[in-house]
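Peer 1: no FASTA, just this:
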Ligand code: K1U
Ligand code: ZN
(Lines give C-alpha, C1' and ligand atoms only; values in the text may rest on other atoms or scores of the structure.)
(Ligands and ions follow the chains in the order given, each with its own letter.)
Protein backbone atom coordinates (compact mmCIF):
# COMPACT_ATOMS: atom_id res chain seq x y z
CA UNK A 1 0.00 0.00 0.00
CA UNK A 2 1.09 3.58 -0.55
CA UNK A 3 0.20 7.08 0.57
CA UNK A 4 -0.48 9.02 -2.64
CA UNK A 5 -0.04 12.76 -3.32
CA UNK A 6 -3.31 14.73 -3.11
CA UNK A 7 -3.85 17.40 -5.80
CA UNK A 8 -4.46 20.86 -4.40
CA UNK A 9 -6.96 23.45 -5.62
CA UNK A 10 -6.61 25.28 -8.03
CA UNK A 11 -4.76 22.47 -9.84
CA UNK A 12 -6.62 22.15 -13.17
CA UNK A 13 -6.37 18.33 -13.02
CA UNK A 14 -9.08 18.49 -10.30
CA UNK A 15 -11.50 19.49 -13.07
CA UNK A 16 -11.00 16.29 -15.10
CA UNK A 17 -14.16 14.20 -15.55
CA UNK A 18 -13.55 10.61 -14.35
CA UNK A 19 -14.35 7.61 -16.57
CA UNK A 20 -16.29 4.57 -15.34
CA UNK A 21 -14.22 1.60 -14.15
CA UNK A 22 -14.46 -1.07 -16.87
CA UNK A 23 -13.57 -4.02 -14.66
CA UNK A 24 -13.11 -4.35 -10.88
CA UNK A 25 -9.80 -6.21 -10.82
CA UNK A 26 -6.59 -6.31 -8.76
CA UNK A 27 -5.46 -2.97 -10.22
CA UNK A 28 -8.65 -1.31 -8.93
CA UNK A 29 -8.40 -3.10 -5.55
CA UNK A 30 -4.81 -1.80 -5.19
CA UNK A 31 -6.00 1.72 -6.07
CA UNK A 32 -8.70 1.46 -3.39
CA UNK A 33 -6.17 0.24 -0.78
CA UNK A 34 -3.83 3.14 -1.63
CA UNK A 35 -6.70 5.65 -1.54
CA UNK A 36 -7.81 4.34 1.87
CA UNK A 37 -4.29 4.64 3.25
CA UNK A 38 -4.03 8.18 1.80
CA UNK A 39 -7.40 9.19 3.34
CA UNK A 40 -6.46 7.78 6.77
CA UNK A 41 -3.03 9.44 6.68
CA UNK A 42 -4.39 12.89 5.70
CA UNK A 43 -6.61 12.48 7.83
CA UNK A 44 -9.94 12.75 6.07
CA UNK A 45 -13.36 11.12 5.99
CA UNK A 46 -13.49 10.67 2.22
CA UNK A 47 -11.40 10.70 -0.93
CA UNK A 48 -12.14 10.54 -4.66
CA UNK A 49 -9.70 9.04 -7.19
CA UNK A 50 -9.61 12.43 -8.99
CA UNK A 51 -7.82 13.89 -5.95
CA UNK A 52 -4.92 11.46 -6.43
CA UNK A 53 -4.83 12.19 -10.17
CA UNK A 54 -6.54 8.94 -11.18
CA UNK A 55 -9.50 9.79 -13.39
CA UNK A 56 -11.71 6.76 -12.78
CA UNK A 57 -14.96 6.61 -10.80
CA UNK A 58 -13.74 5.38 -7.40
CA UNK A 59 -14.60 6.81 -3.96
CA UNK A 60 -13.61 5.77 -0.43
CA UNK A 61 -15.36 7.03 2.74
CA UNK A 62 -14.93 6.20 6.43
CA UNK A 63 -17.03 8.14 8.95
CA UNK A 64 -16.30 5.84 11.91
CA UNK A 65 -14.43 7.12 14.98
CA UNK A 66 -12.36 3.92 15.04
CA UNK A 67 -11.48 4.35 11.34
CA UNK A 68 -12.43 0.74 10.73
CA UNK A 69 -15.55 1.05 8.53
CA UNK A 70 -14.25 1.66 5.02
CA UNK A 71 -16.97 2.23 2.42
CA UNK A 72 -16.02 1.81 -1.25
CA UNK A 73 -18.12 3.09 -4.16
CA UNK A 74 -17.09 2.22 -7.71
CA UNK A 75 -19.04 3.82 -10.59
CA UNK A 76 -21.49 5.49 -8.14
CA UNK A 77 -24.81 6.90 -9.38
CA UNK A 78 -27.47 8.77 -7.41
CA UNK A 79 -30.66 6.95 -8.39
CA UNK A 80 -33.04 8.88 -6.08
CA UNK A 81 -32.94 11.93 -3.87
CA UNK A 82 -35.19 13.88 -1.53
CA UNK A 83 -36.91 17.11 -2.52
CA UNK A 84 -35.52 18.50 0.70
CA UNK A 85 -32.06 20.05 0.70
CA UNK A 86 -29.85 20.83 3.66
CA UNK A 87 -26.91 23.15 4.32
CA UNK A 88 -23.82 21.58 5.88
CA UNK A 89 -20.25 22.60 6.52
CA UNK A 90 -17.76 20.95 4.17
CA UNK A 91 -14.01 20.68 4.01
CA UNK A 92 -11.74 19.17 1.37
CA UNK A 93 -8.30 17.58 1.48
CA UNK A 94 -7.58 19.38 -1.83
CA UNK A 95 -8.39 22.75 -0.21
CA UNK A 96 -6.75 22.40 3.23
CA UNK A 97 -7.90 24.73 6.00
CA UNK A 98 -11.04 25.94 4.16
CA UNK A 99 -14.49 25.06 5.49
CA UNK A 100 -17.79 26.51 4.25
CA UNK A 101 -21.48 25.79 3.93
CA UNK A 102 -22.83 23.98 0.86
CA UNK A 103 -26.44 23.01 0.07
CA UNK A 104 -26.95 19.33 -0.84
CA UNK A 105 -29.82 16.85 -1.17
CA UNK A 106 -30.79 15.85 2.39
CA UNK A 107 -31.25 12.16 1.47
CA UNK A 108 -29.98 10.15 -1.48
CA UNK A 109 -30.04 6.60 -2.76
CA UNK A 110 -26.76 5.63 -4.40
CA UNK A 111 -26.04 2.61 -6.59
CA UNK A 112 -22.43 1.48 -7.01
CA UNK A 113 -20.16 -1.54 -7.42
CA UNK A 114 -18.29 -3.03 -4.47
CA UNK A 115 -14.75 -4.46 -4.43
CA UNK A 116 -16.08 -7.76 -5.84
CA UNK A 117 -17.67 -5.91 -8.77
CA UNK A 118 -21.18 -6.54 -7.40
CA UNK A 119 -23.85 -3.85 -7.58
CA UNK A 120 -25.35 -2.54 -4.31
CA UNK A 121 -27.71 0.25 -3.30
CA UNK A 122 -27.46 2.40 -0.17
CA UNK A 123 -29.80 5.02 1.31
CA UNK A 124 -27.86 7.82 2.96
CA UNK A 125 -28.67 10.93 5.00
CA UNK A 126 -26.72 13.30 7.22
CA UNK A 127 -22.94 13.45 6.87
CA UNK A 128 -22.80 10.26 4.76
CA UNK A 129 -25.13 11.83 2.15
CA UNK A 130 -23.06 15.04 2.19
CA UNK A 131 -19.79 13.15 1.82
CA UNK A 132 -21.03 10.94 -1.05
CA UNK A 133 -22.29 14.03 -2.96
CA UNK A 134 -19.00 15.88 -2.29
CA UNK A 135 -16.92 12.94 -3.54
CA UNK A 136 -19.18 12.37 -6.57
CA UNK A 137 -18.68 16.04 -7.46
CA UNK A 138 -14.90 15.39 -7.50
CA UNK A 139 -15.49 12.61 -10.07
CA UNK A 140 -17.35 15.17 -12.22
CA UNK A 141 -14.42 17.58 -11.91
CA UNK A 142 -16.15 19.88 -9.39
CA UNK A 143 -14.55 21.12 -6.16
CA UNK A 144 -16.86 22.32 -3.35
CA UNK A 145 -15.46 25.88 -3.44
CA UNK A 146 -17.11 26.26 -6.87
CA UNK A 147 -20.45 26.54 -4.99
CA UNK A 148 -19.13 29.62 -3.15
CA UNK A 149 -19.17 33.25 -4.35
CA UNK A 150 -16.55 34.43 -6.84
CA UNK A 151 -15.11 36.65 -4.11
CA UNK A 152 -14.68 33.68 -1.74
CA UNK A 153 -13.15 31.57 -4.54
CA UNK A 154 -10.68 34.34 -5.31
CA UNK A 155 -9.72 34.66 -1.62
CA UNK A 156 -9.29 30.88 -1.36
CA UNK A 157 -7.01 30.83 -4.43
CA UNK A 158 -4.94 33.55 -2.72
CA UNK A 159 -4.70 31.49 0.49
CA UNK A 160 -3.68 28.37 -1.46
CA UNK A 161 -0.97 30.33 -3.34
CA UNK A 162 0.35 31.63 0.01
CA UNK A 163 0.47 28.07 1.42
CA UNK A 164 2.37 26.91 -1.72
CA UNK A 165 4.90 29.77 -1.33
CA UNK A 166 5.41 28.90 2.36
CA UNK A 167 5.98 25.24 1.47
CA UNK A 168 8.50 26.05 -1.32
O1 LIG B 1 -13.03 14.98 -0.45
C2 LIG B 1 -12.26 15.26 0.43
O3 LIG B 1 -11.36 16.05 0.22
C4 LIG B 1 -12.40 14.68 1.81
C5 LIG B 1 -13.24 15.55 2.75
C6 LIG B 1 -14.63 14.95 2.82
C7 LIG B 1 -15.72 15.83 3.35
C8 LIG B 1 -15.66 16.39 4.60
C9 LIG B 1 -16.70 17.17 5.09
C10 LIG B 1 -17.82 17.37 4.32
C11 LIG B 1 -17.87 16.82 3.06
C12 LIG B 1 -16.83 16.04 2.58
C13 LIG B 1 -12.55 15.54 4.10
O14 LIG B 1 -12.34 14.53 4.67
S15 LIG B 1 -12.10 17.08 4.77
C16 LIG B 1 -11.43 16.63 6.36
C17 LIG B 1 -12.45 16.29 7.39
O18 LIG B 1 -13.62 16.55 7.21
C19 LIG B 1 -12.04 15.60 8.63
C20 LIG B 1 -10.74 15.34 8.91
C21 LIG B 1 -10.38 14.67 10.08
C22 LIG B 1 -11.34 14.29 10.96
C23 LIG B 1 -12.66 14.55 10.71
C24 LIG B 1 -13.02 15.20 9.55
ZN1 ZN C 1 -12.95 17.14 -1.48
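Peer 2: On my side now, so go ahead. From a predicted model like this one, the values you see are computed outputs, not experimental measurements. Ligands and ions are numbered 1, 2, ... in the order given.
Peer 1: In stretch 137-151, which residues are buried?
Peer 2: 137, 138, 139, 141, 142, 143, 144, 145, 147, 148 (16 or more other CB atoms under 10 Å). Heads up, the C-betas are built off the backbone N, CA and C, glycines and all.
Peer 1: going on from the helix or strand containing residue 101, what's the next piece of helix or strand?
Peer 2: Under the criterion of DSSP states H and E, residue 101 resides in strand 100-105. With elements assigned by DSSP H and E, the helix or strand that comes after strand 100-105 is strand 107-113.
Peer 1: Now do the SS call for residue 151.
Peer 2: Classification of residue 151 using DSSP: H, G, I helix; E, B strand; the rest coil returns helix.
Peer 1: Residue 87 now?
Peer 2: strand.
Peer 1: Show the contacting residues for it.
Peer 2: Shown in contact with residue 87 (CB atoms under 8 Å, 6 or more residues apart in numbering): 101, 102, 103.
Peer 1: The one residue in the chain that gets nearest to ligand 1 is in what secondary structure piece?
Peer 2: Proximity of the chain to ligand 1 (CB to the nearest ligand atom) peaks at residue 44, 2.9 Å away. Using DSSP H and E, residue 44 sits in no helix or strand.
Peer 1: Now the residue nearest the centre of the chain, what are its backbone angles?
Peer 2: Nearest to the geometric centre of the chain sits residue 135, at 2.7 Å (CA atoms, centre = their mean). Torsion angles at residue 135 (phi, psi; degrees, to the nearest 10) stand at phi -70, psi -40.
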